[in-house]
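[1] all I have is the shape, not the residue letters:
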């Protein structure tokens, strides 16, 4: 019997988090296409500003098509994302190993 994995939160700075399984991309906000993406999201009311008044250093694109602005560097968020994913994979391996062990009779 498979157990459902709990949703892991990804810290995007200043007490803000997102569900890591829902993240599509973490990108740098400096290019013109990313600025257009941000402007379109603002116009369509899909923009979440989590910068707390600081400079935007990363744009996070979610499954729901929401665009989230963060004041944390995109590289830092990507590293945190990798750590969360590695943690989930280790937990899944542990669960599968427990399920495959024979009962000690």
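    On my side now, so go ahead. Keep in mind the model is a prediction, meaning the values are calculated, not measured.

[2] the residue nearest the centre of the chain: what's it in contact with?
    Among the residues of the chain, the one closest to the centroid is residue 20, at 3.5 Å (C-alpha atoms, centre = their mean). By C-beta atoms under 8 Å, 6 or more residues apart in numbering, residue 20 lies in contact with 7, 8, 9, 10, 81, 84, 85, 88. For every residue, glycine as well, the C-beta is placed using N, CA and C.

[3] buried stuff in the longest helix along the chain?
    The single longest helix within the chain, with elements called by DSSP state H, is helix 74-100. Residues of helix 74-100 classed as buried: 74, 76, 77, 80, 81, 84, 88 (neighbour count, 16 or more other C-beta atoms under 10 Å).

[4] ok, the fifth one - contacts?
    By C-beta under 8 Å, 6+ apart, the contact list for residue 81 reads 10, 20, 23, 26.
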